[in-house]
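>>> sequence plus the predicted model coming up.
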Amino acid sequence: MKRTLPLVITFLSGVFIVVAFFIPHEPFGSLEQRMLVWLAILSGFTLLLGVDSLVKHHVRKISRKSKDTFYSIVTLVGFFGTLAAGIVTWAKYGTPLEFASLNEIGSFFWVYRWIMVPLQGTMFALLAFFIASAAYRAFRARTLDATLLLIAAILVMVGRVTMGVIPAVIALATLLIAAGIYRFFMRKPVFGAILVVIGAAVAVLLLIFPHDAVRLAPHVQEWIMSVPQTAARRGILIGVTLGVVAMSVRIILGIERTYLSST
């Protein structure tokens, strides 16, 4: 019964949503909106369950004096401190989202302005190092795909910052020639020769048409972002959409039951 009832509810909910989407007339026309209201109500209860699970997990870690007890204490202090700030601001102004409390110490917006915003800035600053590390690993010209990705990235950066077009293009040509020579002696002569030819062609074109390179750089960058990048993004979105549809059908039909693992 523990598994059968959730499967029946999931099946009926999925069928009702599909029927309401394709039949916008009453009594199905307002059914989707009503189910969205029910979803919001259920989401509120699941939020309470999540808060309860979070607090119990960190209280358990603190009581056991585990390795990361300090982070559990910080999490609980931050959680209950923010909750208290919201309650105090709500009791004073009628809503915790009152801009008049922006500079009041201990208010909800004060916590957001002087704690949340600096923490978010710190996280994004650290994220830059991870992006640089990932870019270094992704842009190494080990394969043809990685080489094309590297060339496209450099052209986009050159188009964004037009002041250094000529040095950047020279660096690109030098990089391609060096990568081609390296590949030529690493038992990949064909790939290496292609890279050398591309790099030499870029260098020759830059020497012949230096002013045209500066003028065309933004147009090349715009073309890369609007044509190949858009095509790849649409392909990814189509794949994600098909995956969501397939997973939804599996859940509605009861084939996918991973959400029942705790019952």
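Received the coordinates, thanks.

>>> would you tell me what the next helix or strand after the longest helix anywhere in the chain is?
When the chain is scanned for its longest helix (criterion: DSSP state H), the result is helix 31-64. Under the assignment DSSP states H and E, the closest C-terminal helix or strand after helix 31-64 is helix 69-93.

>>> check the offset of whichever helix or strand comes after that following helix from the chain's centre.
Downstream of helix 69-93, the first helix or strand assigned by DSSP H and E is helix 108-111. Its chain's average C-alpha position is 26 Å from that of helix 108-111, according to CA atoms, centre = their mean, to the nearest Å.

>>> please shift the residue numbers so they start at 19 in all later answers.
From this message on, residue numbering opens at 19, which makes the last subject helix 126-129.

>>> give the rounded mean pLDDT of helix 126-129.
Rounded to a whole number, the mean pLDDT of helix 126-129 is 87.

>>> and for stretch 57-73?
Averaging pLDDT residue by residue across stretch 57-73 gives 89.

>>> got the CA coordinates for it in CSV?
Once side chains and other backbone atoms are set aside, the C-alpha atoms of stretch 57-73 remain, and they are given as CSV (Å, rounded to 0.1, in the frame of the first residue of the first chain):
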residue,chain,number,x,y,z
LEU,A,57,1.6,21.9,-5.8
ALA,A,58,2.5,25.1,-4.1
ILE,A,59,0.8,23.9,-0.9
LEU,A,60,2.6,20.6,-1.1
SER,A,61,5.9,22.4,-1.7
GLY,A,62,5.4,24.3,1.5
PHE,A,63,5.0,21.1,3.4
THR,A,64,8.1,19.6,1.7
LEU,A,65,10.0,22.7,2.7
LEU,A,66,9.1,22.1,6.3
LEU,A,67,10.3,18.5,6.0
GLY,A,68,13.5,19.7,4.4
VAL,A,69,14.1,22.1,7.2
ASP,A,70,13.4,19.4,9.8
SER,A,71,15.8,17.1,8.1
LEU,A,72,18.5,19.8,7.8
VAL,A,73,18.3,20.7,11.5
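
>>> show residues contacting that stretch.
Defining contact as CB atoms under 8 Å, 6 or more residues apart in numbering, one finds that stretch 57-73 is touched by 93, 94, 97. Heads up, the C-betas are built off the backbone N, CA and C, glycines and all.

>>> rerun that using 10 Å as the cut-off
Contact partners of stretch 57-73, identified using CB atoms under 10 Å, 6 or more residues apart in numbering, comprise 31, 35, 93, 94, 97, 98, 101.

>>> how is this protein divided into domains?
Domain segmentation of the chain under automatic domain parsing yields 22-146, 157-244.

>>> of these, flag the one that's most buried.
Mean neighbour counts were compared across these using mean count of other CB atoms under 10 Å; the top stretch is domain 157-244, at a mean of 15.
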